[in-house]
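Colleague: Everything below, folded, please.
(chains A and B)
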Amino acid sequence: MSVVVNVENLVKRYKELVALDHFNLTINEGEIFGLLGPNGSGKTTTINCILSLLQYDKGTIKVFGEEMKPNSYHIKNKIGVVMQNVAVFDTFTVYENIDYFCGLYIKDKTYRKQCVDEAIEFTGLNEYVKFVPKKLSGGLLRRLNIACGIAHKPKLIFFDEPTVAVDPQSRNRILEGIEQLNRDGATIIYTSHYMEEVEQLCSRIAIMDRGKNVAIGTKEELKKMIRNTENITIEVVGIESIDIDKIRQFSHVMNVLYEKNMLKVSYEGGKHNLVRVLDYLQSRQLSFGRVYTEMPTLNDVFLEITGTALRD
Amino acid sequence: MFGHYFKYSFKAIFRVKEVLFWTLVFPIALATFMHMAFGNIYERTEKAHAIPVSIIHLSENNAFDSTVQALSEEDAMLNIIEADNMDKAEKLLREGEIKGIFVVDKNINLTVNENGMDETILDMILTSYEQYSTVIQSTMKNNPQNIENVIKSLMTDKSYLTKEKTSDGSFDNLVTYFYAIFAMSCLFAGFSGVDRASKMQADTTSLGIRRNMAPNSKIYLIISDFFTSLIVQFVFEVIAFLYMKFVLGVDFGTKYAAMMLVLLMGSGIGISMGMIVGCVKNKTTDTKIGITCAISMCLSIMADLVANGVRNAIEHYIPIINRINPAALIVDSFYALNVYDNYDRFFRNMTLLGIIIFLLLFCSFLLVRRTRYASV
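Modeller: Predicted coordinates:
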């Protein structure tokens, strides 16, 4: 498996602010790689540096094994970009927009038409080809944004928070599309601050915080990096603080929270944790309703590694 | 690749209503208003015409009658309005139907109602007649054998100036305002240039990011954007020109091909000026539009858009400004075509415009080529 993107020791400063602090990253061919981090963590800065749009202070960036420069046209030819903000011409129709951007990469008219038609089909914009962007809903605009970025069939595609302000139906469609592009052979770099999306989509994930790469690996690898192994949530009414303190003293319990009649117990290892908690509640004659137990999520990973919630 | 850029650049320009307004509708509207306000001011105030005058005879004066008759026939300097008596003539004078009354008696008196150019001319006619008359009478009395030579001498109109026709153009000062409208509308093409350049800047628009990621040299983008904008702007200028000439009846002269070249170069200077403003980093598109508007207005004002004479004053005190002010060069090119029979001054202006366009485009290219931004 060859390396598609290699970033070493990247430093980017905005005056006093260090946006990227000796940042390292390696992305392999065929991956859907997630860059996860809160707003301002340096995700978009990283992408812009890789794309050679942004000056950086230190470090090296290689794409497809070659140093990336503003005039690396043969590399740019293999890259697609779907930016955070919708980047289309307001005055062009859906078809014209896709054709325009595709035409920047593909000269052959017949092949270009085929690519444009496929991009329209792929994003489900068939019924809207003659619409101008202002006539489209937010979800359709995002799909147009994607179509413009992928119509030329790039080998490496950057998705920078493509689902911001998108309804659930459109979001699912976009995520399915990205998976399809990956199955078709494209390497994907996906940034988001939506944990669930990254967890659903990405084969490897880097967690960024304050311009640093604080953790990198598969979902499973990341989850193994933290102490939290299980989260139990029980709907229970009228539990008292003495009971919460008792549960907190159980072995392997990391943390106990009680909010809005929901008791949340986080465990660090241990076995039969759920049974122990339920036994205790029964012994105290506390009635309980819904019961959930789940493995730690990326949110837990992020919370434990960075000490802050992701959606701050 | 150029074909693709051109096709979409055309579409992009024609669909931006603001650009269409400022570069096509506004100049036509301004020219129309200007024509409505000042349209026949030259005809009324400056152009030579026959001065309406009445003659009241209280006694016979054949010599004066002959003189007046001659002046009302050849080149029609005077237009004799019949008046039976002094009261009727004075009424005509009060009503502005005539500019003066010659009362022919023992002496000839001129009555006028106001001080103006026409009244001055009437006074000069009378003064000249009296001088000639005195000379002839004096010669007949003192030296009658020489009268023939004296009359011959008086009839020979001596002038130390030679009148030379330099062109078929109009000398109407108002035409300068229309030249300035062209200069202004050409510079307003800068809005189109700003729009095009901003969409190349990754730190200004998302479109800029996407276009920066295209695997093509920026020179393709700049040249295609420049030439498509140029063609469209030139067509707009020609439409405005035809409107002013055939609808408003503005007399631009007959050197149409050269005038088209001025409009083409003017369009080029406007777009390239807009492009270099658009290429300035770390400014929003709106700010750049504002800067372009301010520059265009200042340059146009210095080229006589608001008041006639500013350009001449600059020419007198700091002529270099007129050599580098595109609006002044455009206005001066029209002026040179209209007034001069040769093309020396016109070609000097065209050369200067060409150099400025090249420099602006070259600087735009340097600003955007291989650019990596401080922030995006």
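
Colleague: packing partners for the helix or strand containing B:Glu18?
Modeller: For B:Glu18, the host element (DSSP states H and E) is helix B:17-20. Packing partners of helix B:17-20 (3 or more CB pairs under 8 Å, 6 or more residues apart in numbering or on different chains; DSSP states H and E): helix B:175-198. Where you see a C-beta, it was placed from the backbone N, CA and C, and this is true even at glycine.

Colleague: And the average pLDDT for whichever helix or strand comes after the helix it packs on is what?
Modeller: Using DSSP H and E, the next helix or strand after helix B:175-198 towards the C-terminus is helix B:206-212. Mean per-residue pLDDT for helix B:206-212: 85.

Colleague: Helix B:206-212: how far from the chain's middle?
Modeller: 43 Å (CA atoms, centre = their mean, to the nearest Å).

Colleague: Give the next helix or strand downstream of that helix.
Modeller: helix B:218-242.

Colleague: tell me the angle that next one makes with helix B:175-198.
Modeller: Orientation note: helix B:218-242 sits at an angle of 150 degrees relative to helix B:175-198 (axes from the mean of the first three to the mean of the last three CA atoms, to 10 degrees).

Colleague: which helices and strands does the helix or strand following helix B:218-242 pack with?
Modeller: For helix B:218-242, the following helix or strand on the C-terminal side (DSSP H and E) is helix B:256-278. Where contact means 3+ CB pairs under 8 Å, 6+ apart, helix B:256-278 is packed against helix B:175-198, helix B:218-242, helix B:285-301, helix B:326-339, helix B:344-368.

Colleague: Go through the helix holding B:Glu18 and flag the buried ones.
Modeller: B:19-20 (16 or more other CB atoms under 10 Å in any protein chain shown).

Colleague: Mind checking the helices and strands packed on helix B:256-278 for the one nearest to A:Asp99?
Modeller: Nearest of the helices and strands packed on helix B:256-278 to A:Asp99, taken as CB to CB: helix B:218-242 at 15.7 Å.

Colleague: Packing partners of the closest one?
Modeller: helix B:2-14, helix B:26-38, helix B:175-198, helix B:256-278, helix B:344-368.

Colleague: check contacts around residue 300.
Modeller: Just going to use chain A. A:223, A:226, A:228, A:231, A:266 (CB atoms under 8 Å, 6 or more residues apart in numbering or on different chains).

Colleague: right idea, wrong chain: chain B
Modeller: B:180, B:183-184, B:187, B:306, B:327.

Colleague: again, 7 Å this time
Modeller: B:Ser300 is in contact with B:180, B:183-184, B:187, B:327, counting by CB atoms under 7 Å, 6 or more residues apart in numbering or on different chains.

Colleague: And stretch B:177-192, how far out from the chain middle?
Modeller: On CA atoms, centre = their mean, the centre of stretch B:177-192 falls 13 Å from that of its chain.

Colleague: If you tally nearby residues, what's the number for A:Asp184?
Modeller: 10 (other CB atoms under 10 Å in any protein chain shown).

Colleague: how much space is there between it and A:Lys155?
Modeller: Between A:Asp184 and A:Lys155 the computed distance is 10 Å (CB to CB, to the nearest Å).

Colleague: Roughly how far does the closest residue to chain B within the stretch 201-312 of chain A sit from A:Asn9?
Modeller: Sorted by distance to chain B under CB to the nearest CB, the residues of the stretch 201-312 of chain A start with A:Gly211, at 14.3 Å. Computed as CB to CB, the A:Gly211 to A:Asn9 distance reads 12 Å.

Colleague: and the two? which has more neighbours close in?
Modeller: Taking neighbours as other CB under 10 Å, A:Gly211 and A:Asn9 compare with A:Gly211 leading, 23 against 12.

Colleague: For that one, give me its contacts.
Modeller: Here A:Gly211 is in contact with A:18-21, A:23, A:42 (criterion: CB under 7 Å, 6+ apart).

Colleague: Would you point out the most distant pair within those?
Modeller: Within the contacts of A:Gly211, A:Val18 and A:Phe23 form the most distant pair, 10.1 Å apart (CB to CB).

Colleague: The two: which is more packed in?
Modeller: Of the pair A:Val18 and A:Phe23, A:Phe23 is the one with more neighbours under other CB under 10 Å, namely 23 against 16.

Colleague: The more buried one contacts A:Leu10, doesn't it?
Modeller: Yes. Contact criterion CB atoms under 7 Å: A:Phe23 and A:Leu10 qualify, at 4.3 Å.

Colleague: show me where chain A has helices.
Modeller: Counting by DSSP state H, chain A has helices at residues A:43-50, A:73-76, A:94-103, A:109-123, A:138-150, A:168-183, A:195-201, A:219-224, A:241-248, A:273-283, A:298-306.

Colleague: Now the last one: buried residues?
Modeller: In other words, helix A:298-306. Neighbour-count burial for helix A:298-306 [16+ other CB under 10 Å]: A:298, A:300-304, A:306.

Colleague: per-residue pLDDT, A:Asp99?
Modeller: For A:Asp99, the predicted pLDDT is 97.

Colleague: Could you do the one 4 residues further on as well?
Modeller: The confidence metric pLDDT takes the value 94 at A:Gly103.

Colleague: got a list of what it touches?
Modeller: Per CB under 7 Å, 6+ apart, neighbours of A:Gly103: A:112, B:4.

Colleague: hmm, try it at 10 Å
Modeller: A:Gly103 makes contacts with A:109, A:112, A:115-116, A:151-152, B:1, B:3-5, B:7-8, B:214, as judged by CB atoms under 10 Å, 6 or more residues apart in numbering or on different chains.

Colleague: Could you do A:Cys148 as well?
Modeller: A:80-83, A:86-89, A:92, A:94, A:97-102, A:104, A:116, A:119, A:123, B:207, B:210.

Colleague: Try it again at 7 Å.
Modeller: Counting by CB under 7 Å, 6+ apart, A:Cys148 has contacts A:88, A:97-98, A:101, B:210.

Colleague: Equivalent analysis for A:Ile157, please.
Modeller: A:80, A:82, A:149-150, A:181, A:186, A:188.

Colleague: which one is it nearest to, not counting chain neighbours?
Modeller: A:Gly80 (4.2 Å; CB to CB, 6 or more residues apart in numbering or on different chains).

Colleague: So what's the residue count around the one you found?
Modeller: 25.

Colleague: so how far is B:Lys17 from A:Tyr267?
Modeller: With CB to CB as the criterion, A:Tyr267 and B:Lys17 are 63 Å apart.

Colleague: meant to ask about A:Val3, not that
Modeller: Counting by CB to CB, the gap from A:Val3 to B:Lys17 is 49 Å.

Colleague: again with B:Ser364
Modeller: 25 Å.

Colleague: With A:Asp167 instead?
Modeller: 31 Å.

Colleague: okay if I get the helices and strands packed on helix B:256-278 as JSON lines plus mean pLDDT?
Modeller: Formatted as JSON lines, the helices and strands packed on helix B:256-278 follow (pLDDT from 0 to 100):
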{"stretch": "helix B:175-198", "mean pLDDT": "87"}
{"stretch": "helix B:218-242", "mean pLDDT": "88"}
{"stretch": "helix B:285-301", "mean pLDDT": "90"}
{"stretch": "helix B:326-339", "mean pLDDT": "91"}
{"stretch": "helix B:344-368", "mean pLDDT": "92"}
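
Colleague: Ok, which of the helices of chain A comes nearest B:Ala31?
Modeller: helix A:94-103 (34.3 Å).

Colleague: Would you enumerate the residues in contact with the nearest residue in space to A:Leu281 that is not next to it in sequence?
Modeller: Computed as CB to CB, 6+ apart, the closest residue to A:Leu281 that is not its neighbour in sequence is A:Phe288, at 5.5 Å. A:Phe288 is in contact with A:234-236, A:281, counting by CB under 7 Å, 6+ apart.

Colleague: I'd like to know how many residues surround residue 275.
Modeller: Defaulting to chain A. Residues lying near A:Val275 (other CB under 10 Å) number 9.

Colleague: hm, I was asking about chain B
Modeller: B:Met275, neighbours per other CB under 10 Å, totals 30.

Colleague: and the gap between it and B:Gly116?
Modeller: 51 Å.

Colleague: Repeat that for A:Arg284.
Modeller: In terms of CB to CB, A:Arg284 sits 114 Å off from B:Gly116.
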